[in-house]
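Undergrad: no sequence for this one, just the structure:
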């Protein structure tokens, strides 16, 4: 009977799985536009028979379907599971340890200050206890009395000042101690759950095994931004691509070579299908109005423009940072060979990906009817090769920030036009020519003539290519007739009334352009020609 019991007990013990909790080391991060693939490694002593290895302290929002485990060793993986641990939080534990170490340090400092204060208090008591000078029979010389009085006064004053300073320092340390204790109390009441990956193994004997686990978390992302820098109109534009990185996985990414991918793991990867397309009458959608402080009305149209981000096929590796760019069938990846540290939970960190030179054509542009300043424009073709994703771009000219734009490689034209700000070295004025202004009445019709002169002054030490735009009115009524009488060679767009002059203005010179137009309308009507 006892033999059967022992055999049953041994069989039962052989079926019991032994769980081993393990920490793993961060080895690689592939960062997506939204989310990150985390790869971790660990060396584990796999027990003989059936057992479980639990990798703990992982981000809470792991996608269970993305978990992969690659083993190395003479053992077999039976299953891989995922669970949440609500009892343990290594994130909080690390923060609490830092705070408790700070409390220990403050306590030691306070004890030392209090000991120093005790010494000064005893010295004060000693001074006061020995105020009696000389004996009962003999007197004290006046000089000695003055010296002793000076000593007592100066030393007692120093002791009192030391006591005041030490008490103030102790009070400040105690206030810091109170604040940290309150923070420890708040953190002690929190419970931040973490993920755990449970790997069931089977081994014929105890063996040392290597595990590489990977998973996707959505507590990290990156997005591209650009800098467009021009130092001089005779040099190319520097295009700098950067990545803004944010992560709140609960663990610092220390000294890692990041891999940035343009893929998005939350995208739908199912191939689309076509369903029948049924036509029907469109019912008009009412327009909603919403009032808000600082605006009159906002109207919401029934359609919204959806902006898709697409990739180019070209591969461009910059000359600035150490970056290796590769193109897959659907995505582009940037391997940042320079190690970076990305802190968890902190503000967005920006790192440089690539740097290129863009040949640009610089022109000056002015609309004197609106602004007498000339704007420097930089135009570039072939820019799409170096901008794979849409993003904000900061514009700098002569090391000064002049503005910001948004670049979308899918929607922009072949020519990228950038405003580099105003150039006070080129001044364009619009002057009314009163000698050509006249107003005549013939029958029931009135004819008015208006003339303007545009003066372009180049105060720079080099010639500039200047484009000037102005306009004449366009008739919106059949009984209003507008006639362009003089344009000084401008390109004239009759449908818009636009006048365009393109000229080269030599250094230190002024060029003039004149345009004149007349308007004929009924004499019983009034119009505004200014």
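TA: On my side now, so go ahead. The structure presented is a predicted model; accordingly, all values stated were derived computationally and were not measured.
Undergrad: can we go C-alpha only for contacts and neighbour counts from here?
TA: Will do.
Undergrad: where does the stretch 351-500 of the chain have low pLDDT?
TA: In the predicted model, the stretch 351-500 of the chain carries pLDDT under 70 at residues 411-413.
Undergrad: 50 instead, please
TA: Applying pLDDT under 50 to the stretch 351-500 of the chain flags no residue at all.
Undergrad: go on, the stretch 101-250 of the chain?
TA: Applying pLDDT under 50 to the stretch 101-250 of the chain flags residues 136, 191.
Undergrad: quick one: the helices in it?
TA: Along the stretch 101-250 of the chain, counting by DSSP state H, counting those that start in this stretch, helices occupy 142-188.
Undergrad: same question, the chain
TA: 2-15, 90-129, 142-188 (DSSP state H).
Undergrad: where along the stretch 301-450 of the chain do the strands fall?
TA: Counting by DSSP state E, counting those that start in this stretch, the stretch 301-450 of the chain has these strands, from start to end: 323-327, 332-336, 340-342, 349-358, 361-367, 371-381, 391-397, 400-407, 415-432, 438-442, 445-458.
Undergrad: in the second one, what's buried?
TA: Yep, that's strand 332-336 we're talking about. With burial defined by 16 or more other C-alpha atoms under 10 Å, the residues of strand 332-336 counted as buried are 332, 333, 334, 335, 336.
Undergrad: cool, and the last one?
TA: Neighbour counts over strand 445-458 (16+ other C-alpha under 10 Å) mark 446-458 as buried.
Undergrad: Kindly report the same for the shortest one.
TA: Of the residues in strand 340-342, those buried by neighbour count under the rule 16+ other C-alpha under 10 Å are residue 342.
Undergrad: Quickly run through the sheet partners of it, with directions.
TA: Strands that pair with strand 340-342, judged by DSSP bridges, come out as strand 253-256 (antiparallel).
Undergrad: Kindly tell me how buried residue 490 is, as a neighbour count.
TA: Burial of residue 490, expressed as a neighbour count using other C-alpha atoms under 10 Å, amounts to 18.
Undergrad: Let me see the contact set for it.
TA: The neighbours of residue 490, taking C-alpha atoms under 8 Å, 6 or more residues apart in numbering as the test, are 499, 500, 501, 502.
Undergrad: will you turn those residues into CSV that also has neighbour count and distance to residue 32?
TA: As requested, the contacts of residue 490 are exported to CSV (neighbours: other C-alpha atoms under 10 Å; distance: C-alpha to C-alpha, whole Å):
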residue, neighbour count, distance to residue 32
499, 19, 49
500, 18, 47
501, 16, 48
502, 16, 46
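Undergrad: closest to residue 238 among the residues you listed?
TA: residue 502 (26.9 Å; C-alpha to C-alpha).
Undergrad: Can you give me the neighbour number for the nearest residue to the closest one once chain neighbours are set aside?
TA: Distances taken as C-alpha to C-alpha, 6 or more residues apart in numbering place residue 467 nearest to residue 502, at 4.5 Å, with adjacent residues excluded. Applying other C-alpha under 10 Å, we find 17 residues neighbouring residue 467.
Undergrad: Do I have it right that residue 467 meets residue 499?
TA: No. Residue 467 lies out of contact with residue 499 (C-alpha atoms under 8 Å); the separation is 10.4 Å.
Undergrad: Buried residues in stretch 207-214, which are they?
TA: Those buried within stretch 207-214 under the rule 16+ other C-alpha under 10 Å are 209, 210, 211, 212, 213, 214.
Undergrad: Contacts only, for the fourth one.
TA: This points to residue 212. 39, 40, 41, 42, 69, 70, 71.
Undergrad: mind running it again at 6 Å?
TA: 40, 41, 69, 70 (C-alpha atoms under 6 Å, 6 or more residues apart in numbering).
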